[in-house]
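> sequence first, then the predicted structure:
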Amino acid sequence: FFSPVFPKVESFYGAQPGSKSCSNMVNCFQHPSFTFCYFILISSCLGSSLGIVVVGVIFGSKRMGINPDNVATPLAASFGDLITLSLLFYPYVLYLVDLLYLCLIPVWMVISSKHPASHILLRSGWEPIITAMVISSIGGLILDKTVSDPNLMGIVVYAPVINGVGGNLVSVQASRISTHLHLNYSPGELPLGSRSCFNPFQTFFGSGAHHRSAQVLLLLVLPGQLIFVHIIHVIKGGLTMPSLLFTVLFLSASLTQVFLLLIVADCLVHCLWRRGKDPDSYAIPYLTALGDLLGTALLSLAFLLLWCIGDL
C-alpha cells in the first residue's frame with residue numbers, strides 16, 4: 001500500500017510550480033528536510049489508515065458474498081490517493097508527528113517479528129517498495145518535464161485519472177490471479193497453461209481461468225474514462241471543451257496502458273509464484289508503479305501530439 005504514495009506525492013509536487021494558490025506550500029517543499037519529513041508522515045498515516053480500511057472492506061465483502069479481490073485493492077489505492085492529497089494541503093506539526101513515528105519504529109518491529117506472516121514481510125517487503133519508488137520516480141520526472149511547458153499544463157488534471165484507473169484495474173487482476181494460485185497450487189507449482197509468459201494473446205484469449213476477467217477489465221476502460229472526462233469537463237478542472245481528437249487520444253493512451261499492464265500482470269504474478277515469492281507482496285507495488293510510468297508517458301505523448309497539431 002505504500003508504493004502508490006510516493007508517485008502521487010512526487011507528481012503533485014512536480015505540478016505545483018505553476019500554481020499560484022499553493023505557492024506557500026511549494027516554498028515549504030523546496031526544503032529537503034521538510035519534504036523528507038512529509039513523506040514519512042504521509043506513509044505512516046496511509047499505512048495505519050489503509051490497514052484499517054482494507055481489513056474492514058475484506059470482512060464486509062465476505063459477509064455480503066462479494067469477492068474481496070474485486071473490491072479491496074481498488075478501494076485501498078483510491079483511499080491512498082485521497083489521503084495523500086488531503087495531507088498535502090495541511091502541512092502542520094510535521095516534525096512532532098515524525099518524531100513520534102520514529103520512536104514507535106522499534107515497538108512495531110518487535111510486534112511484527114512475533115507474527116510469522118509479518119515477520120517475512122519485515123525482512124523481504126522492502127525490495128518491491130523501493131523498486132516501485134524508483135520506477136515511479138521516472139514517471140514523476142516525465143510529468144515534471146511536461147508541466148514545465150505552459151502549453152501542456154492541462155496534463156495535471158488528467159494524470160491522476162489515467163494512472164489511478166490503470167493501477168486499480170491491474171491490481172484487481174493481479175489479486176485475482178494470486179488468490180487463485182494460493183488456493184489451488186503450492187509455491188513453485190504453475191498451471192499447465194501458464195508456464196510461459198511470452199504470448200500476450202494468452203492473457204486475453206487463453207484457456208486459463210482469468211482471460212475473461214482480463215477482457216472485462218480492459219473493456220471497463222472506455223466507459224470509465226469517458227465518465228471521468230465528463231466529470232472534469234463539468235467541474236472545469238482542465239480543458240473546458242474536450243475535442244473529439246483529445247477524447248480519442250486520451251482513451252487510446254488509457255487502453256494501451258491497461259492492455260500492457262494486464263499482460264505484464266499475468267506474466268509477473270506467475271513468475272513470482274514460480275520463484276516461491278508471494279505475488280500479493282511483490283506484484284502490486286511493481287504494477288502500480290509501472291502503471292504510473294506508462295500512464296504518464298503515454299498521456300504526455302498524447303498532449304504533445306495535440307499541441308503539435310494545434311488542438312490544445
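Thanks, I have the structure now.

> what residues of stretch 250-260 count as buried?
250, 251, 253, 254, 255, 256, 257, 258, 259, 260 (16 or more other CB atoms under 10 Å). C-betas here are computed from N, CA, C, even on glycine.

> so what touches it?
With contacts defined as CB atoms under 8 Å, 6 or more residues apart in numbering, stretch 250-260 is touched by 158, 162, 165-166, 169-170, 217-218, 221-222, 225-226, 229, 242, 291, 294-295, 298-299, 301-302.

> now the buried members of those.
By neighbour count, with 16+ other CB under 10 Å, the contacts of stretch 250-260 hold 158, 162, 165-166, 169-170, 217-218, 221, 225, 229, 242, 291, 294-295, 298-299, 302 as buried.

> of those, which belong to helices?
Mapping the buried ones among the contacts of stretch 250-260 onto helices (DSSP state H) picks out 158, 162, 165-166, 169-170, 217-218, 221, 225, 229, 291, 294-295, 298-299, 302.

> could you pull out the helices for the stretch 51-200 of the chain?
For the stretch 51-200 of the chain, applying DSSP state H, counting those that start in this stretch gives helices covering 72-88, 94-113, 116-124, 126-147, 155-184, 200-205.

> could you point out which of the ones you listed sits nearest residue 306?
Of all the helices of the stretch 51-200 of the chain, helix 155-184 sits nearest to residue 306, with 10.1 Å by CB to CB.

> so where is the stretch 1-150 of the chain shaky, pLDDT-wise?
Along the stretch 1-150 of the chain, segments meeting pLDDT under 70 span 1-51, 73, 76-98, 117.

> give me that answer again for 50
Across the stretch 1-150 of the chain, the ranges flagged by pLDDT under 50 are 1-26, 29.

> circling back to that earlier point, save the helices of the stretch 51-200 of the chain as TSV, and put in distance to residue 268 too.
Listed next are those as TSV, based on distance: least, CB to CB, whole Å:
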stretch	distance to residue 268
helix 72-88	15
helix 94-113	26
helix 116-124	16
helix 126-147	11
helix 155-184	8
helix 200-205	11
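
> wait, which of the ones you listed is closest to residue 60?
Nearest to residue 60 among the helices of the stretch 51-200 of the chain is helix 72-88 (9.5 Å), distances taken as CB to CB.

> and residue 296, how many neighbours?
Other residues within reach of residue 296, judged by other CB atoms under 10 Å, total 28.

> my guess is it contacts residue 139. True?
Yes. Contact between residue 296 and residue 139 holds when scored by CB atoms under 8 Å: they sit 4.2 Å apart.

> mind checking which helix or strand the spatially most central residue of the chain is in?
The centroid of the chain falls nearest to residue 288 when counting by CA atoms, centre = their mean (3.7 Å). Element membership for residue 288 (DSSP states H and E) is helix 279-308.

> out of the helices of the stretch 51-200 of the chain, which is closest to residue 234?
Smallest distance to residue 234 across those (CB to CB): 12.4 Å, for helix 155-184.

> OK, contacts around residue 247?
Neighbour list for residue 247: 226, 229 [criterion: CB under 8 Å, 6+ apart].

> and it, how far is that from residue 112?
As for residue 247, its distance to residue 112 is 47 Å (criterion: CB to CB, to the nearest Å).

> check residue 127 too.
With CB to CB as the criterion, residue 127 and residue 112 are 17 Å apart.

> next: residue 157.
Distance, residue 157 to residue 112, by CB to CB: 39 Å.

> touching, residue 133 and residue 286? I think so.
No. Using CB under 8 Å, residue 133 makes no contact with residue 286, being 11.1 Å away.

> when the two are compared, which one has more neighbours?
Between residue 133 and residue 286, counted using other CB under 10 Å, the more crowded position is residue 286 (23 against 19).

> check contacts around the more buried one.
Listed by CB under 8 Å, 6+ apart, the contact partners of residue 286 are 128, 131, 132, 135, 268.

> give me the neighbour count for the residue nearest to the first one when sequence neighbours are not counted.
In space, not counting the residues next to it along the chain, residue 128 is nearest to residue 285; the distance is 4.1 Å by CB to CB, 6 or more residues apart in numbering. The burial metric for residue 285, expressed as a neighbour count using other CB under 10 Å, is 24.

> was I right about residue 221 contacting residue 162?
No. If you go by CB under 8 Å, residue 221 and residue 162 don't touch, sitting 9.5 Å apart.

> now the angle from the helix holding residue 288 to helix 126-147?
Going by axes from the mean of the first three to the mean of the last three CA atoms, to 10 degrees, helix 279-308 is angled at 10 degrees with respect to helix 126-147.
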